[in-house]
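Engineer: Model the structure of this input:
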Amino acid sequence: MPFSRIVYKPEYEELEKKALIIRKNVIKMIGKAQSGHPGGSLSCVDILTALYFRILRISPKYPKDPERDRFVLSKGHAAPALYATLAETGFIPYEWLDDLRKFGSPLQGHPDMKKVPGVEMSTGSLGQGLSVGVGMALAAKIFESGYRVFVLLGDGECQEGQVWEAAMSASHYKLTNIVAIVDRNRLQIDGCTEDVMGIDPIGAKWKAFGWTVIEVDGHDFLELIPALEAISYTSKPTAIIANTVKGKGVCFMENNVDWHGKAPKGDQLEEALKGFDEIEFMESEDVSLDSKN
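Structural biologist: Just a heads-up that it's a prediction; the model follows:
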């Protein structure tokens, strides 16, 4: 089968709108399920938006195309963000989002590659995703395939020793076709990463393991997209340290560790969704004003 991909690349303003829709759906899903991880899902939405709408060579029409790029969500508890992104890109029906974590639903608390189109690896046991990604990238090199591999890790996840074994392997085998993206929101379930088990200087660590390191604002597409595109120009595996805000987009969740794995309900859920509606209204007003000028 000839390779097919999404060829339309939305501009940055449209990416912002996509990210807003995805964030809103994340909160709706978790709110309805009354279970899930909003903080780390919201922090990585812009990363996923940049990947799925500007970077990944993929197509929902051919989810198993052998030449497709691979994405591994190593921080599997952020599955709501991945599901909302897959719905927005057409890999799964929007109706599935209503059944997050329900018995019998394909959308489990962690992604299942056997049940959800577009999911490349079942993840959730932290520390394992990069090893899988390295295996995929090594296979591409051995069989002379052109696909790239992108792996999204949590910063707390980088406390796992297996992450660094995989990082060492990628450098040893000169895997220039892999990118590790660290969602550096500085919070994990038990508190600040630097209090639980310090990982700074995180960039210097990846560099010491033989990776090209790029540090960016993980919510700024002007920084994210060029960094993700850098895979084409480096002679080493690439690590992107994406500085983010846990709970991004919901004022009372931002930088608040209490929302690592707690679902909003009642007034909290209403407040969160109202905030997104207000942003949508302001953006529509701006478009209306621009059209009159």
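
Engineer: Around the nearest residue to residue 262 once chain neighbours are set aside, count how many other residues there are.
Structural biologist: Excluding its sequence neighbours, the residue lying closest to residue 262 (CB to CB, 6 or more residues apart in numbering) is residue 38, at 7.3 Å. (C-beta placed from N, C-alpha, C; glycine too.) A total of 28 residues lie near residue 38 under the criterion other CB atoms under 10 Å.

Engineer: just checking, residue 216 is part of a helix?
Structural biologist: No - Residue 216: not assigned to a helix; according to DSSP: H, G, I helix; E, B strand; the rest coil it is strand.

Engineer: Give me the nearest residue to it, chain neighbours excluded.
Structural biologist: Using CB to CB, 6+ apart, the closest residue to residue 216 is residue 223 (4.0 Å).

Engineer: what's the neighbour count on that neighbour?
Structural biologist: Residue 223, neighbours per other CB under 10 Å, totals 18.

Engineer: how about it, secondary structure?
Structural biologist: helix.

Engineer: how far away is it from residue 78?
Structural biologist: 20 Å (CB to CB, to the nearest Å).

Engineer: related to what we said a few turns ago, wait, what's in contact with the residue nearest to residue 262?
Structural biologist: Each residue near residue 38 by CB atoms under 8 Å, 6 or more residues apart in numbering is listed here: 26, 27, 30, 80, 247, 250, 253, 259, 262, 263, 264.

Engineer: Strands of the stretch 151-293 of the chain, residue ranges please.
Structural biologist: 178-184, 187-188, 191-192, 212-217, 238-243 (DSSP state E, counting those that start in this stretch).

Engineer: how about the ones you listed in CSV, adding mean neighbour count, distance to residue 161 and mean pLDDT?
Structural biologist: What follows is these, written out as CSV (neighbours: other CB atoms under 10 Å; distance: least, CB to CB, whole Å; pLDDT from 0 to 100):
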stretch, mean neighbour count, distance to residue 161, mean pLDDT
strand 178-184, 27, 15, 98
strand 187-188, 24, 16, 98
strand 191-192, 13, 21, 98
strand 212-217, 18, 20, 98
strand 238-243, 25, 17, 98
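
Engineer: Is it possible to get JSON lines of the ones you listed that adds distance to residue 85?
Structural biologist: Below are the strands of the stretch 151-293 of the chain laid out as JSON lines (distance: least, CB to CB, whole Å):
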{"stretch": "strand 178-184", "distance to residue 85": "14"}
{"stretch": "strand 187-188", "distance to residue 85": "22"}
{"stretch": "strand 191-192", "distance to residue 85": "27"}
{"stretch": "strand 212-217", "distance to residue 85": "19"}
{"stretch": "strand 238-243", "distance to residue 85": "16"}
